[in-house]
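Student: return atomic coordinates for the entry below.
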Amino acid sequence: MPEALSIRPIEIGALERYFRDAFDGMLAAVGLDGATPTVTEDRAWTPMDHAEPPYCPYVDTSVRSAENSPARLELRFERSHWNDTEIAQATVSVFVKNASGHAMISGHTTDFAVPVTELTVVGDLPVALARTIAELQPDRM
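Tutor: Okay, here's the model as predicted:
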């Protein structure tokens, strides 16, 4: 069952940077010591209302991941754009798979003027990853 975890207010881009900066430390927490992360960037166009690229909405996705079966760690940052100046929504997610099972942490916003104040947590997080999340909680300010 998903669990809502209150965190101190943080802008969605800062949340992504926080997880990106902690990524190498999280690798060890899921059994991926020494793994080399791969980074991919993608833009998916969404033609609508007779608008075609580059004049239609699009989704930018950045993925940083490392894997050594069965372990996997992935940081995903998705930003849905109406156009180059209007972002409709954004999501930062961390996906974990290791011998203990699967887990996910996610923060989402539909208004960039409003900071993220809650993360959704699904599954049992490895202890070191739970500590990383604890740093974002309000009592750690």
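Student: low-confidence ranges in this structure?
Tutor: 140-141 (pLDDT under 70).
Student: and the strands in this protein?
Tutor: Using DSSP state E, the strands found in the chain span residues 3-10, 38-45, 58-68, 71-83, 86-98, 101-109, 116-123.
Student: mean neighbour count and distance to Glu16 added to those, as CSV?
Tutor: Using the backbone N, CA and C atoms, a C-beta is placed for each residue, glycine as well. Output for the strands of the chain, formatted as CSV (neighbours: other Cβ atoms under 10 Å; distance: least, Cβ to Cβ, whole Å):
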stretch, mean neighbour count, distance to Glu16
strand 3-10, 14, 10
strand 38-45, 11, 13
strand 58-68, 16, 8
strand 71-83, 19, 5
strand 86-98, 19, 5
strand 101-109, 18, 9
strand 116-123, 17, 10
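Student: out of those, which comes closest to Asp24?
Tutor: In terms of Cβ to Cβ, the element of those nearest to Asp24 is strand 58-68, at 9.2 Å.
Student: can you give me how far the closest one is from the chain middle?
Tutor: Relative to the mean C-alpha coordinate of its chain, strand 58-68 is positioned 9 Å out (Cα atoms, centre = their mean, to the nearest Å).
Student: what's the spacing between the residue sitting furthest away from the middle of the chain and His102?
Tutor: Largest separation from the mean C-alpha position in the chain: His50, at 31.7 Å (Cα atoms, centre = their mean). According to Cβ to Cβ, to the nearest Å, His50 stands 41 Å off from His102.
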